[in-house]
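[1] Would you be able to build a 3D model of this:
(chains A and B)
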Amino acid sequence: MKLQLTEEQADRQAHFREFADSEIAPHADRHDREERLSNEVIAKLAEQGCLGAMLSEAYDGHQMDAVSFGLVNEEIGRACTAARGLLTVQNMVVQSLERWGSDAQKAQWLPDLAAGRKIAGFALTEPEHGSDAGNIQTQAERDGNSFLVTGHKKWISYGQIADVFLLFARIDGQVSALLLERETDGLSIEPMKGILGARGSMLAELHLHRCAIPETNLVGNVGFGLVPVAFTALDVGRYSIAWGCVGLAQGCLDSSIKYTKSRKQFGTRLRDQQLIKRMIADMMVDIAAARLVCYQAGLLSETDDRDALKNMMIAKYVASNMAVRVAGAAVQVHGANGYSRDYPVERFYRDAKIGQMIEGSNEMLQLMISRYGYKK
Amino acid sequence: MSDTKERIREFLSQHIRDNGYRDDDDLFAKGYVNSLFAMELVLFVEKEFALTVENADLDPDNFRSVDAIAGLIGRKTTPETVE
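    Presented below is the predicted three-dimensional model:
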């Protein structure tokens, strides 16, 4: 076994590190305060190929390998969780559509999504059904060559600006996937404000009242929407979030090292105080371990290993829990300063929490991971 | 076909404790299939039999029983007759 980046992967990592520092990080605080991602950052992410990162070149994608995609998520996540969230959602929908969409759907949507001309939303969660996704209540009723869809979706990242949603609804009682366009009559989009972290994610609630969706917008077949259309998307999402959490934690560590080099207490710099050294070491070890798990998930995914699905879950579980621990430690290292907007760790601390809840709460992942333990 | 069914049963046995089902039993109706297992099943069919499950194959009826899964695999791995 050899764990070493290829030259191309290392170049890409260096490129995106510089890109994140110069083009994303300077806007992160503004994204948080204004609760929206700036158009110029969205355009730059698209220019850099982040929005169709793993999509094949046939659809104008950048066809990155899984490890490269992970590294991009780490670097963007180190700068701004909301920006990384756009990568997550866009690539979830893009990859699921490439895998399970019809030729016409792929031709219509994928080049525009990869170029950032269109933004995608993933509309699964409902007010009363988060983890319990199999029991969603949004209904799609057949009406000639269309479905009339009525329901309520909530917590939809980038729902405020999405042009198209990969929407999950019940057709004949079975969960199925449909493409819902923003301009559809009967759809109203309500922005969600005042959330704890990842505030630039432009969350929205979707209210659907007899929205007519052509049957040609069905993704997969009736009754096979949750599996595998949603699972393909969630798999990408978990991987993206896992690496994003590694990036967030790295941002916390970077800030803590910088701060403890200059801050003095008791006449000596914090970096020279043993309990601070211990906290820095623990952060480093925690990040290194999670990063390795993410590498493993990426490598298994590249080789189509049967354990890839499990390891994506493990990576998200490990990395998101790690990010919460590291962000908490970073605030502690910064003392009261870490509790203020003067330092990015305050934002990282708030942003870290959501990683434990999305694309499968960590409790749901524990249940699913444990099933592998009981496999014969 | 019998080898195909044997490989399917072997996979199912890793996930289903009760091995008292028949090849034509509806695995969905018996409550064996949760979302994770269904995804694993699709991936198993693709990897074990070196084929691609496509959009049009995403029909629950193709995965409902050992017979149905074997039928799907047979259709996807047997070259169509050219007349």
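
[2] residues contacting the most centrally placed residue in chain B?
    For chain B, the residue nearest the mean C-alpha position is residue B:69 (2.9 Å; CA atoms, centre = their mean). Applying CB atoms under 8 Å, 6 or more residues apart in numbering or on different chains to residue B:69 gives the contacts B:8, B:41, B:45, B:62-63. Backbone N, C-alpha and C define where each C-beta goes, glycine included.

[3] Can you list the low-confidence ranges for chain B?
    Chain B contains residues with pLDDT under 70 at B:1, B:79-83.

[4] ok, which stretches of it are helices?
    Along chain B, counting by DSSP state H, helices occupy B:2-15, B:35-48, B:66-77.

[5] anything in the second one near chain A?
    This means helix B:35-48. Yes: using CB under 8 Å from any CB of the partner chain, helix B:35-48 comes into contact with chain A via B:35-36, B:38-40, B:42-44, B:47.

[6] Skip the chain neighbours and tell me the closest residue to residue A:24.
    Once flanking residues are discounted, residue A:24 sits nearest to residue A:79: 3.9 Å by CB to CB, 6 or more residues apart in numbering or on different chains.

[7] tell me which parts of chain B are close to chain A?
    So chain B meets chain A at B:13-15, B:35-36, B:38-40, B:42-44, B:47, B:55-56, B:58-60 (CB under 8 Å from any CB).

[8] Report the buried members of these.
    Neighbour-count burial (16 or more other CB atoms under 10 Å in any protein chain shown) applied to these gives B:15, B:35-36, B:38-40, B:42-44, B:55, B:58, B:60.

[9] Out of those residues, which two sit at the greatest distance?
    Largest separation among those by CB to CB: B:15 and B:55, giving 24.8 Å.

[10] can you tell me the residue of the stretch 1-150 of chain A closest to chain B?
    residue A:100 (5.4 Å; CB to the nearest CB).

[11] pretty sure that residue is in contact with residue A:226, am I right?
    No: counting by CB atoms under 8 Å, residue A:100 sits too far from residue A:226 to count as a contact (11.9 Å).

[12] Who has more neighbours out of these two?
    residue A:100 (25 against 22; other CB atoms under 10 Å in any protein chain shown).

[13] Can you give me the distance of the more buried one to residue A:67?
    Using CB to CB, to the nearest Å, residue A:100 is found at 24 Å from residue A:67.

[14] Residue A:232 too?
    19 Å.

[15] Also residue A:110?
    Taken as CB to CB, the span from residue A:110 to residue A:67 is 22 Å.

[16] who has more neighbours, these two?
    residue A:110 (24 against 21).

[17] Which residue is the nearest non-sequential neighbour of the more buried one?
    Residue A:110's closest residue in space is residue A:59 (CB to CB, 6+ apart), at 3.7 Å.

[18] Count residues in the vicinity of that neighbour, would you?
    19.

[19] Could you do residue A:366 as well?
    There are 12 residues near residue A:366, going by other CB under 10 Å.

[20] Now do the same contact list for residue A:136.
    A:124, A:126, A:129, A:151, A:168-170, A:175.

[21] Specify the local secondary structure of residue A:152.
    Three-state call for residue A:152 (DSSP: H, G, I helix; E, B strand; the rest coil): strand.

[22] So it sits against residue A:209, correct?
    No: with contacts counted by CB under 8 Å, residue A:152 stays clear of residue A:209, the gap being 9.7 Å.
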